[in-house]
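Asker: test case, fold it:
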Amino acid sequence: MPRSMWSGAISFGLVSVPVKLYPATSSHDIRFTQLHRDTGARVRQKRVDEQTGEEVAYEDIVKGYEVGAGRYVLVERDELESLDPEASRTIDIRDFVDRADIDPLYYDRPYYLTPAGRTAGKAYRLLVEAMEKADKVAIASFVMRTKEYLVALRATDGHLVANTMNYADEIRPVEDLNELEFAADVEVNERELDMAERLIESLATAFDPAQYEDRHHERVVSFLEQKAEGRDVAIPEPATDDGDVIDLMAALERSLSAGKDAAASGAGTEAATADGRTVAYRDLTKAQLYDLAVERDIEGRSGMTKAELVAALEASEPVEARQAS
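Answerer: The predicted structure is shown next:
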């Protein structure tokens, strides 16, 4: 069970709901240590004065804010501490807004909020049920670790989720991206639009987060495990971009054709799952299809759609298997 990061109370009118805050996600980041190649000893970094080359003691280091080329305002630790927000153990609800009014750009990091104890259960439940019935999101603020956060509280499946939020002036204006001009002055014809819409429809499905995996993390972990076992690990050649201009219509036609071929095969060729069941390719997730494509060394698999993976896997089956299906 993760440790609570913060405890306090949600201020809801005259109602106070004691709560604890827990992280809702865990990072896949893999931590490496810097070592000397020859000795294997850890490498330490020192704080060095770039003018004298001498090491600087921690107590002699101050923060500097650059105000011009090579010009800094020096700031002492106690000066910054005096500017910290007043310590508080309250999540102060400011407003309730419609979910649809919040652009996902404003959401930052998710947390779970739980009752702080059994005696807080009823007040917590009251707030959750009231928010679920109203279908509103609470916008609040609170202080954690000397920093004040704007936070959105959402009631979902009987519990509260808190998302820290970006402030409005932290969102970069999309108008600053000049490359958008490349798409502003072009026209899309009806045939292209129709084919794109049909392709989207062919790929439409219910959102299942379990089918999307961090493949890079898995590859790195597998690589490290093999290295730790003393095995030789083959390093794949990086994919190269040939720089060819994309034929949009041809790409759309190939994608739709792959989808039609998969549908025309009915249940399609079947595959065995990890628990021994036999299922049609088209009933597998894209991640499962990709794993099969890796096993069969199907070229171009990384850029294929789900329909294209199905078609490629069916084509890779022995003739006898295709005839039997």
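Asker: other residues contacting stretch 133-144?
Answerer: 5-6, 8, 10, 21, 85-88, 90-99, 102, 131, 148-154, 165 (C-beta atoms under 8 Å, 6 or more residues apart in numbering). From N, CA and C alone the C-beta is placed, and that goes for glycine too.
Asker: from those, list just the buried residues.
Answerer: When the contacts of stretch 133-144 are checked for burial by 16 or more other C-beta atoms under 10 Å, the buried set is 6, 8, 10, 21, 91, 93, 102, 131, 149-154, 165.
Asker: list the ones among these that fall in helices.
Answerer: M131 (DSSP state H).
Asker: ranges for the helices of this structure?
Answerer: According to DSSP H, the helices that the chain contains are 77-81, 121-134, 181-184, 190-203, 215-228, 248-264, 286-295, 306-316, 319-324.
Asker: make CSV from the ones you listed and add mean pLDDT and distance to Q34 to it.
Answerer: Shown next, in CSV, are the helices of the chain (pLDDT from 0 to 100; distance: least, C-beta to C-beta, whole Å):
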stretch, mean pLDDT, distance to Q34
helix 77-81, 85, 28
helix 121-134, 95, 46
helix 181-184, 88, 42
helix 190-203, 86, 44
helix 215-228, 81, 16
helix 248-264, 68, 44
helix 286-295, 83, 32
helix 306-316, 83, 40
helix 319-324, 48, 51
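Asker: could I get those helices as a markdown table with distance to H36?
Answerer: Below are the helices of the chain laid out as a markdown table (distance: least, C-beta to C-beta, whole Å):
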| stretch | distance to H36 |
| --- | --- |
| helix 77-81 | 33 |
| helix 121-134 | 53 |
| helix 181-184 | 48 |
| helix 190-203 | 50 |
| helix 215-228 | 18 |
| helix 248-264 | 50 |
| helix 286-295 | 36 |
| helix 306-316 | 45 |
| helix 319-324 | 55 |
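Asker: tell me which of these sits most buried.
Answerer: Most buried of these, by mean neighbour count (mean count of other C-beta atoms under 10 Å): helix 306-316, with a mean of 21.
Asker: centre of the chain to that helix, how far?
Answerer: 28 Å (C-alpha atoms, centre = their mean, to the nearest Å).
Asker: and that helix, what other elements does it pack with?
Answerer: helix 190-203, helix 248-264, helix 286-295 (3 or more C-beta pairs under 8 Å, 6 or more residues apart in numbering; DSSP states H and E).
Asker: by contact count, what packs against the last one?
Answerer: For helix 286-295, the elements it packs on are helix 306-316, judged by 3+ C-beta pairs under 8 Å, 6+ apart.
Asker: what distance do you get for the closest residue to L160 other than its chain neighbours to L199?
Answerer: Of all residues not flanking L160 in the chain, L113 sits nearest, at 4.0 Å (C-beta to C-beta, 6 or more residues apart in numbering). Counting by C-beta to C-beta, to the nearest Å, the gap from L113 to L199 is 41 Å.
Asker: buried ones in stretch 299-308?
Answerer: Result for stretch 299-308 [16+ other C-beta under 10 Å]: buried residues 301, 304-308.
Asker: also stretch 99-116?
Answerer: 102, 106, 111-116.
Asker: does L252 touch D194 like I think?
Answerer: No - counting by C-beta atoms under 8 Å, L252 stays clear of D194, with 9.5 Å between them.
Asker: now the residue lying farthest from the centre of the chain. Its backbone dihedrals?
Answerer: Going by C-alpha atoms, centre = their mean, the residue of the chain most distant from its centre is T52, 44.1 Å out. Backbone torsions of T52, given as degrees, to the nearest 10, read phi -100, psi -20.
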